[in-house]
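Participant: Coordinates for the following, if possible.
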Amino acid sequence: SIIHYSLYLRERRLSSISLKNTHPPGAIKDSIDELDDYSIASSSSLPPVTKINLQNNDTAVTTNTNSTEILDENSPDTSYNQRLSSILDQKNYIEELNRNLQKTIINLQKNVQTLEQTNKTLVENTAQQKARIEQLEEELTKITSEKEQIQSSYQRKIDVSQKIPSIIKYIDVIENKFLD
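Facilitator: Predicted coordinates for the structure are as follows:
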């Protein structure tokens, strides 16, 4: 069977000898990367292939593809094998990226759960600390009131104790007057 390809592989990876892919798409350029519908190399001597697709038996959609070459799946064409290998290489690379992204998503979800738990704990601790602060403020108000009462009482005692010598003198004076 004949397959018509229109190449537009600017982000294509070269297949490596080993199974491990070490280059990101587009890191290694070769002539296949430069083939597209607008390049000089893509306009070959072959006539453009026109595909007609009938849709709903009413409208015909024509697609004009400038194919770089006509490939036969059964021929041992190295260009076909390179392109097939390149496509498989891209597929493997995308699957590897997908696996890494899934791992990243799982790690981020774990981090979000950890942060949510930490946030919940902090909110609970904050509520407890606010209650404790209110309790301590009430105690401070009570203690301040008691301190003012004690200071007032002490000040009265000091005032009285300072007046005692003068009172004693006054009493002495009065006694002396009565005794005289």
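
Participant: can you pull out the helices in this protein?
Facilitator: Along the chain, counting by DSSP state H, helices occupy 78-179.

Participant: Residue ranges in it under the pLDDT threshold?
Facilitator: 1-76, 180 (pLDDT under 70).

Participant: again, only this time at 50
Facilitator: 1-20, 30-72 (pLDDT under 50).

Participant: residues near Asp89, how many?
Facilitator: By the criterion of other Cβ atoms under 10 Å, Asp89 has 20 neighbours. Every residue, glycine included, has its C-beta placed from N, CA and C.

Participant: That one and Glu96: what is the separation?
Facilitator: Asp89 sits 11 Å away from Glu96, going by Cβ to Cβ, to the nearest Å.

Participant: Check Ser152 too.
Facilitator: From Ser152 to Glu96 the distance is 82 Å (Cβ to Cβ).

Participant: same check, this time on Leu136
Facilitator: Relative to Glu96, and taking Cβ to Cβ, Leu136 is found at 58 Å.

Participant: Ile105: how many residues sit nearby?
Facilitator: 10.

Participant: same check, this time on the one 10 residues further on
Facilitator: Taking other Cβ under 10 Å as the neighbour definition, Leu115 ends up with a count of 10.

Participant: In contact with Thr118, which residues?
Facilitator: By Cβ atoms under 8 Å, 6 or more residues apart in numbering, the contact list for Thr118 is empty.

Participant: how close does it get to Asn125?
Facilitator: 10 Å.

Participant: Likewise for Leu179?
Facilitator: 78 Å.

Participant: now do Pro165
Facilitator: Taking Cβ to Cβ, one finds Pro165 at 60 Å from Asn125.

Participant: Same check on Gln149?
Facilitator: Gln149 is 36 Å from Asn125, by Cβ to Cβ.

Participant: and if you look at Gln113?
Facilitator: In this view, Gln113 and Asn125 are 19 Å apart by Cβ to Cβ.

Participant: now Val112
Facilitator: On the measure of Cβ to Cβ, Val112 and Asn125 end up 20 Å apart.

Participant: likewise Ala131?
Facilitator: 11 Å.

Participant: And Asn107, by the same measure?
Facilitator: 26 Å.
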